[in-house]
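> Got a predicted structure plus its sequence, pasted below:
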Amino acid sequence: MKVKQCDLKYIGTNFSHYPMDGKPEIAFAGKSNVGKSTLINAILGRKALARTSSQPGKTRTINFYGVNDMMYVVDLPGYGYAKVPKSEVAKWGQMMEEYLTRREELRAIILLIDIRHEPGKNDIMMYDWLKHFGFDIIIAATKSDKLNRSQIPKQLAVIRKTLKLQPQDVLIPFSGEKKTGVEELWAEIEKFLPG
Ligand code: GDP
């Protein structure tokens, strides 16, 4: 998709803050530092629209970026940051559960996994949780520029095995640095948007 226009439209922590206009949305989830802001900026073709690096201690929010006045890219708060107090983790869980169970506009979820590492306990839990809710999930394997060409297929196989992906499940290597995977990801996203 050609992004002609995009901006941050809504920031919220509960259902009453989210858009009510019924436009379809695609949500992005992943561990803190996985490269989610970088990926969102890359697919929206902006340098610094999504903030990079979630700052610990700051209130975590769900951010809605309006795109071409026809959809939302939704930035979900990252998980797995070691220094977050239990009360914050509980708030994160509540916010995520409410969003995931009630958002009828949600068409698919992109789960980001760092291509260099075997998915961790949190990643597996997140994937299984999303599966359990019955969502269509696209996996983006981030920071692919950090591996050489022969390592990429090996690490993709590790991710497939650890998350127990089926052959038809979509896994896309992505680099925000090199902008590789942007078109592949949009092609997958567009399958969930009205023609
Ligand atoms: P977030 O916490 O998931 O939003 O992650 P950020 O987008 O803030 O990225 C975390 C760190 O990883 C930053 O230092 C980024 O510069 C770096 N990073 C993110 N994406 C890439 C990438 O594709 N390639 C490389 N080499 N570094 C990346």
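Arrived safely.
> mind checking how far the residue sitting nearest the centre point of the chain is from Lys86?
Taking Cα atoms, centre = their mean as the criterion, Phe28 is the residue nearest the geometric centre of the chain, at 1.9 Å. Per Cβ to Cβ, to the nearest Å, Phe28 is found 25 Å from Lys86. Where C-beta positions appear, they are placed from N, C-alpha and C, glycine not excepted.
> need the next SSE after the longest helix anywhere in the chain, C-terminal direction.
If you go by DSSP state H, the chain has its longest helix at helix 86-102. Of the helices and strands lying after helix 86-102 in sequence (DSSP states H and E), the nearest is strand 106-114.
> which residues are in contact with that next one?
When contacts are defined by Cβ atoms under 8 Å, 6 or more residues apart in numbering, strand 106-114 is touched by residues 24-31, 34-36, 39, 74, 99-100, 119, 123, 126-127, 130, 135-143, 159, 163, 174, 185, 188-189, 192-193.
> what angle sits between the next helix or strand after it and helix 86-102?
Counting by DSSP H and E, the element after strand 106-114 in chain order, helix or strand, is helix 121-132. Note on geometry: by axes from the mean of the first three to the mean of the last three Cα atoms, to 10 degrees, helix 121-132 and helix 86-102 are set 20 degrees apart in direction.
> just checking, what packs against helix 121-132?
Under the contact criterion of 3 or more Cβ pairs under 8 Å, 6 or more residues apart in numbering; DSSP states H and E, the helices and strands touching helix 121-132 comprise strand 25-30, strand 106-114, strand 137-142, helix 151-163.
> Need the pLDDT of the residue lying farthest from the centre of the chain.
Relative to the C-alpha centroid of the chain, counting by Cα atoms, centre = their mean, Ser150 is the outermost residue, at 25.7 Å. Predicted confidence (pLDDT) for Ser150: 97.
> measure it to Phe135 for me?
Distance, Ser150 to Phe135, by Cβ to Cβ: 33 Å.
> try Ala157
With distances defined as Cβ to Cβ, the gap from Ala157 to Phe135 amounts to 23 Å.
> now Glu105
Following Cβ to Cβ, the distance that separates Glu105 from Phe135 is 13 Å.
> Just give the nearest non-adjacent residue to Leu163, would you?
Closest residue to Leu163 apart from its sequence neighbours, by Cβ to Cβ, 6 or more residues apart in numbering: Tyr127 at 5.1 Å.
> Torsion angles phi and psi at the residue nearest to Arg46 when sequence neighbours are not counted?
Setting aside the residues directly before and after it, Arg46 is nearest to Cys6 in space (Cβ to Cβ, 6+ apart), at 6.8 Å. Note on Cys6: backbone dihedrals following degrees, to the nearest 10 are phi -160, psi 140.
> Quick check, Cys6 in contact with Val73.
Yes. Contact criterion Cβ atoms under 8 Å: Cys6 and Val73 qualify, at 7.5 Å.
> Which one's more surrounded, those two?
When Cys6 and Val73 are compared on other Cβ atoms under 10 Å, the one with more neighbours turns out to be Val73, at 23 against 20.
> what separates Val34 from Phe133, distance-wise?
Going from Val34 to Phe133 by Cβ to Cβ gives 20 Å.
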